[in-house]
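[1] Okay, structure incoming, though there's no sequence with it:
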């Protein structure tokens with residue numbers, strides 16, 4: 001029986017989809033805008049309250065996995081709504097539940113373009129949750145790096161180091177970025193509160 005994304009183990013994901021960073025591509029912004037328009041047209045603005053491009057592909061000048069990461073805001077009562085999930089399935093997306101961890105509440109994730117047969121397509125990853133979910137701080141992280149190129153370069157250097165160490169260990173790659181992300185969000189919080197940055 002042919003495997004689907006739902007069938008993959010952690011080891012399978014690491015084998016099929018190794019970490020590969022490429023130069024920033026100017027067309028990523030327009031690819032995001034096209035996908036955003038498709039989602040809004042098919043699902044509607046009465047359900048989709050906001051769509052943002054985030055992740056490294058949204059930050060000009062730094063290397064990134066060639067994925068388009070989208071953050072989608074929905075009302076809290078529609079979290080894990082089967083009808084809504086089915087609408088994304090019609091657009092070619094596979095749904096996953098991201099379990100709660102530390103301060104992050106469980107939310108929906110979707111993937112499209114991750115092909116097990118080796119066929120190359122644009123990969124899209126969606127993180128969908130209400131505005132109360134702390135995942136939305138990723139937008140502040142994006143904006144801070146865009147406004148602070150030196151900090152963005154440090155992030156790129158870290159990602160390159162981690163990608164060389166953990167090409168086939170996605171979990172370790174993500175975990176290795178956590179401290180940097182949290183430190184950057186702390187910088188943002190201190191700036192907002194007027195506290196001195198150290």
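    Structure received. These numbers come from a predicted model, not from an experiment.
[2] same question for stretch 131-149, mean pLDDT?
    Here stretch 131-149 scores 97 as its mean pLDDT.
[3] Next, the buried residues of it.
    133, 135, 136, 137, 138, 141, 142, 144, 145 (16 or more other Cβ atoms under 10 Å). No exception for glycine: its C-beta is placed from N, CA and C like everyone else's.
[4] just checking, which of these belong to helices?
    137, 138, 141, 142, 144, 145 (DSSP state H).
[5] Spatially, what comes nearest to the last one if we skip its sequence neighbours?
    In this structure, residue 145 finds its nearest non-sequential neighbour in residue 152, 4.1 Å apart by Cβ to Cβ, 6 or more residues apart in numbering.
[6] swap in the first one?
    Sequence neighbours aside, residue 185 is the residue nearest to residue 137 in space, at 5.4 Å (criterion: Cβ to Cβ, 6+ apart).
[7] Please identify the buried residues of stretch 44-53?
    47, 48, 51, 52, 53.
[8] Among those, which one lies nearest to residue 75?
    Among those, residue 47 lies closest to residue 75 (Cβ to Cβ), at 7.6 Å.
[9] who's in contact with that closest one?
    74, 75, 78, 84 (Cβ atoms under 8 Å, 6 or more residues apart in numbering).
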